[in-house]
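Novice: need a structure here:
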Amino acid sequence: MKPICVLGNGQLGRMLRQAGEPLGITVFPVGLDVDPEAVPWQQGVITAEIERWPETPLTRELARHNGFVNRDIFPRLADRLTQKQLLDELNLATAPWQLLASASEWPQVFANIGQFAIVKRRTGGYDGRGQWRVRPGDEAELPADVYGECIVEQGISFSGEVSLVGARAHDGHCVFYPLTHNLHEDGILRTSVALPQPNTQLQQQAEQMLSAIMNELGYVGVMAMECFVVDDGLLINELAPRVHNSGHWTQNGASISQFELHLRAILDLPLPTPVVSTPSVMVNLIGTDLNYEWMAQPLVHLHWYDKEVRPGRKVGHLNLNDVNASLLAAALNDLTPQLSAEYHSGLRWAQQKLLA
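Specialist: Okay, here's the model as predicted:
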């Protein structure tokens, strides 16, 4: 089996490596500044845990390597301008948007998309960074460098946020997990809930959307699609051409995790639809010190990234799943005193989803 080199050595690369070990697949997460001679990329398959990267000796070498799966797709989806243009070309529903080229455009922007706008940097700007909520009068507070480097889209009134994680094989075969319900606070994912029997209409719409995107691009591997739930169904918010935070519950809540599924797809191994039999909850650990007392709860699976703990930084996650949604909700209730107050609203939200 060919080795896999993952461009980027953060937690996603780490979890891809962990997923490869039981299958006898050697996965090398590599930092951007690594000496190209230090990793066996020449004979391997290349993937990435990040959408964009600076030019370094390693990335220059990889850019010429035919084994870099999705190599030419990453830059197209890493730029929100070209990502939105793709969705428009495919006639897939998304929030009304435009390029924000100059400050003089604001009267026309508000006239076109309404009085509440979201400004997003074309590249980067995840987890609430590089994004601004703007109403008339707020535009003067924006940094001068946003113009030409940002898109602006209509602020959407939505009833919920969901994501679909799916994978496409080299032959075009696609498989999907059930829709994941997500709670974001201050632009960062706090809690996810996945149910084995999702809303059929929304699931079908999401699968059709993501299939159209992956097929148009000839994409291979796992991709995540984040959506708003509105009266007419789903609006696509953003795409991630990689394994995704909202799919972490699959490590313990599905027969095949998103990390194993990605490896299977890019190596052209069998790609059955993962079996999901139980409700699952994922709690992001953000700027929180490690506490092994979480493991006293029998349903808790701890995934710790071994990173320096800093405010706002994702340092791990907790997965919980059980066939009985009431027992799972009770486990979240028992976990609540072991987590600080900023987690409590997310735990209550998850309980409500489980018991609805």
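
Novice: Leu285 contacts Asn319, doesn't it?
Specialist: No. Taking contacts as C-beta atoms under 8 Å, Leu285 lies outside contact range of Asn319: 11.2 Å. C-betas here are computed from N, CA, C, even on glycine.

Novice: list residues touching both of these two?
Specialist: With contacts taken as C-beta atoms under 8 Å, 6 or more residues apart in numbering, Leu285 and Asn319 have no neighbour in common.

Novice: roughly how far apart are Leu285 and Val300?
Specialist: For Leu285, the distance to Val300 equals 11 Å [C-beta to C-beta, to the nearest Å].

Novice: How about the contacts made by Glu153?
Specialist: Residues near Glu153 by C-beta under 8 Å, 6+ apart: 84, 94-98, 113, 117-118, 120.

Novice: Let me have the residues you listed in TSV, extended by secondary structure.
Specialist: Output for the contacts of Glu153, formatted as TSV (DSSP: H, G, I helix; E, B strand; the rest coil):
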residue	secondary structure
Lys84	helix
Thr94	strand
Ala95	coil
Pro96	coil
Trp97	strand
Gln98	strand
Ile113	helix
Ala117	strand
Ile118	strand
Lys120	strand
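
Novice: can you put those in JSON lines and add distance to Leu290?
Specialist: As requested, the contacts of Glu153 are arranged in JSON lines below (distance: C-beta to C-beta, whole Å):
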{"residue": "Lys84", "distance to Leu290": "39"}
{"residue": "Thr94", "distance to Leu290": "39"}
{"residue": "Ala95", "distance to Leu290": "38"}
{"residue": "Pro96", "distance to Leu290": "44"}
{"residue": "Trp97", "distance to Leu290": "40"}
{"residue": "Gln98", "distance to Leu290": "45"}
{"residue": "Ile113", "distance to Leu290": "44"}
{"residue": "Ala117", "distance to Leu290": "40"}
{"residue": "Ile118", "distance to Leu290": "35"}
{"residue": "Lys120", "distance to Leu290": "33"}
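
Novice: Tell me the buried residues within those.
Specialist: The neighbour count (16 or more other C-beta atoms under 10 Å) marks 84, 94-95, 97-98, 113, 117-118, 120 as buried among the contacts of Glu153.

Novice: tell me which of those is nearest to Phe228?
Specialist: Ala95 (7.6 Å; C-beta to C-beta).

Novice: So, low pLDDT: which residues of this protein?
Specialist: 126-128 (pLDDT under 70).
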